[in-house]
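K.L.:
The following block contains a protein sequence and its predicted model.
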Amino acid sequence: MLKRLAIRYRILHQELAVIDADLDAVITVHAPMLRDLKGVGTDVASQLLVTVGDNAERVTTEAKFAALVGVAPIPASSGKTMRHRLSRGGDRQANKAIHHVALVRMRTDARTRNYVDRRRSEGKSTTEIIRCLKRYIAREIYDQLIHPQPAPDAGALRALRKTKNITLQAAADILHVWPTALSRLERGITRNDDFYQRYEDWLNSPSAEAAKTPSVLRN
């Protein structure tokens, strides 16, 4: 019994790997830069492309796209309290995909965590914060679908760092990040436009000179 389950698990795992590879190829052709956005992986990108493809007439504006994916703000004010609630309309699978992006960013993206902390200090509930995040994410996704923008070429920063004789570890220590995170950015594996700008500004600043490896150590 356990052996049959193990064999079935292995077969399904292999099938999923093939499906993921096929989806990855499709996305690379039709929306190669969609996955440059923080939190958008193959599953999320493929669901959004299906939703957009099935509803081409509903993505002519950013507001229509927001309504399509169920993140358009719905007024829910009462008396002197002014608020909005989460939309229950639109494509629920696309909404689920955007919700996933919001949760990923809340866990892993420093900019999003700062935003969440600020809104909580203003008295916003987690539900209200997620609603706002989903609206912002939908706007980013729409812009990337209609006017795709490639990620900054961090390879140029890698070359600049090496020209300045700064080790990856030294740069990571100064920027307060793990060396692996910096390496992944330089190699184009991950995208973080805010961090890219901070990294570029630091490399071009006089303070970067202090991180140079002494010539005696290089020799």
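P.N.:
Thanks, I have it. Numbers count the residues shown, from 1 in each chain.

K.L.:
can we go C-alpha only for contacts and neighbour counts from here?
P.N.:
Noted.

K.L.:
name the helices or strands packed onto whichever helix in the chain runs longest?
P.N.:
Longest helix in the chain by number of residues (criterion: DSSP state H): helix 2-30. Helices and strands touching helix 2-30, by 3 or more Cα pairs under 8 Å, 6 or more residues apart in numbering; DSSP states H and E, are helix 42-54.

K.L.:
CA atoms only for the helix it packs on, dumped as PDB, please.
P.N.:
In PDB, the C-alpha atoms belonging to helix 42-54 read as follows (Å, rounded to 0.1, in the frame of the first residue of the first chain):
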ATOM      1  CA  THR A  42       4.900  30.900 -12.600                       C
ATOM      2  CA  ASP A  43       1.500  29.800 -11.000                       C
ATOM      3  CA  VAL A  44       0.400  33.400 -10.300                       C
ATOM      4  CA  ALA A  45       1.500  34.700 -13.700                       C
ATOM      5  CA  SER A  46      -0.200  31.800 -15.600                       C
ATOM      6  CA  GLN A  47      -3.500  32.400 -13.800                       C
ATOM      7  CA  LEU A  48      -3.400  36.200 -14.500                       C
ATOM      8  CA  LEU A  49      -2.700  35.500 -18.200                       C
ATOM      9  CA  VAL A  50      -5.600  33.100 -18.400                       C
ATOM     10  CA  THR A  51      -7.900  35.700 -16.800                       C
ATOM     11  CA  VAL A  52      -6.700  38.500 -19.100                       C
ATOM     12  CA  GLY A  53      -7.000  36.200 -22.200                       C
ATOM     13  CA  ASP A  54     -10.500  35.200 -21.300                       C
END
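
K.L.:
Would you mind pulling the contact partners of the helix or strand just after it?
P.N.:
Next in sequence after helix 42-54, counting helices and strands by DSSP states H and E, comes helix 62-68. Here helix 62-68 makes contact (Cα atoms under 8 Å, 6 or more residues apart in numbering) with 58, 59, 72, 89, 90, 91, 135, 138, 139, 142, 143.

K.L.:
Strands - which of those residues land there?
P.N.:
Judged by DSSP state E, strands contain none of those.

K.L.:
So which residues of this structure form helices?
P.N.:
Going by DSSP H, the chain shows helices at 2-30, 42-54, 62-68, 92-108, 110-121, 126-146, 155-163, 168-175, 179-186, 193-203, 215-218.

K.L.:
right, and those helices - which one's nearest residue 209?
P.N.:
Among those, helix 193-203 comes nearest to residue 209, with 8.5 Å by Cα to Cα.

K.L.:
Can you report how many residues lie near the closest residue to residue 89 other than its chain neighbours?
P.N.:
Using Cα to Cα, 6 or more residues apart in numbering and skipping the chain neighbours, the partner closest in space to residue 89 is residue 70 (5.1 Å). A total of 25 residues lie near residue 70 under the criterion other Cα atoms under 10 Å.

K.L.:
gap between residue 70 and residue 134?
P.N.:
Per Cα to Cα, to the nearest Å, residue 70 is found 9 Å from residue 134.
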